[in-house]
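1. This is a predicted model, with the sequence first.
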Amino acid sequence: MSRWRPPQPKSSPYITVDGYQVLETELKQLWERRKLVTIALSAAAAEGDRSENAEYIYRKKELREIDRRIHYLQKRLPALTIVSEKPTNQKQVFFGAWVTLETMEGEEITYRIVGADEIDTTGGLISLDSPLAKALLKKLLDDEVVIRLGEQENRFYIVNIRY
């Protein structure tokens, strides 16, 4: 049995100004944390037998995870396109829009369409690549949006769009 997995589909290269700043801050913090972890790793390595040294093994793993994330951010940040301007037609849903939807039960839900690197479902930030965002793009106020997930069908009405 092989470990091969098909590559993930490329996510959209767009990001908001706030999202870009968050990623830059994360990268700076990772470099600072890396310095502390390497100091701790050196101290653990100086203790002797590394094969049974739990601190050494833990710090090596932690350093590997930090390096992986730094490598990802260093490749991803230059490839991103920062979207800072509001669209000319603000009555239509585009990237960066806050969209308030009304469900069939009358409940209102607000989402913001953002880049794949800044999603936060608890804060209402959904990816531009998500099925809901794809269905919302270029829709107007009071339009009906239908999302099909398997055999289930969800209907929403756009009640507010703001940027």
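-> Cool, got the structure.

2. Quick check, central residue of the chain?
-> D117 (2.8 Å; CA atoms, centre = their mean).

3. tell me the mean pLDDT for the longest strand anywhere in the chain?
-> If you go by DSSP state E, the chain has its longest strand at strand 152-162. Averaging pLDDT along strand 152-162 gives 93.

4. Sheet partners, orientation included, of it?
-> Here strand 152-162 is paired, per DSSP bridges, with strand 98-103 (antiparallel), strand 144-149 (antiparallel).

5. Tell me the first helix or strand C-terminal of the first one.
-> Looking back up the chat, that one is strand 98-103. Sequence order places strand 108-114 as the next helix or strand after strand 98-103, per DSSP states H and E.

6. Show me what that next one is packed up against.
-> In this structure, strand 108-114 packs against strand 98-103, strand 125-127, helix 131-136, strand 152-162, with contacts taken as 3 or more CB pairs under 8 Å, 6 or more residues apart in numbering; DSSP states H and E. C-beta: built from backbone N, CA, C; applies to glycine.

7. Of the strands paired with strand 152-162, which stretch is the most buried?
-> Of all these, strand 98-103 has the most neighbours on average by mean count of other CB atoms under 10 Å, namely a mean of 17.

8. Output the strands paired with strand 152-162 in JSON lines, with mean pLDDT appended to each entry.
-> Formatted as JSON lines, the strands paired with strand 152-162 follow (pLDDT from 0 to 100):
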{"stretch": "strand 98-103", "mean pLDDT": "94"}
{"stretch": "strand 144-149", "mean pLDDT": "90"}
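
9. Including distance to D49, could these go into CSV?
-> Formatted as CSV, the strands paired with strand 152-162 follow (distance: least, CB to CB, whole Å):
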stretch, distance to D49
strand 98-103, 57
strand 144-149, 54
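
10. Quick check: which of those is nearest to I15?
-> Closest to I15 of these is strand 98-103 (CB to CB; 16.3 Å).

11. Any figure for the gap between Q152 and T110?
-> 22 Å (CB to CB, to the nearest Å).

12. Of those two, which one has the most company?
-> Shown here are Q152 and T110; by other CB atoms under 10 Å, T110 has more neighbours (12 against 7).

13. circling back: can you say which of the helices and strands packed on strand 108-114 is nearest to K10?
-> Closest to K10 of the helices and strands packed on strand 108-114 is strand 125-127 (CB to CB; 12.6 Å).

14. hey, which helix or strand in the chain has the poorest pLDDT?
-> When the helices and strands of the chain are scored by mean pLDDT, DSSP states H and E, strand 144-149 comes last with a mean of 90.
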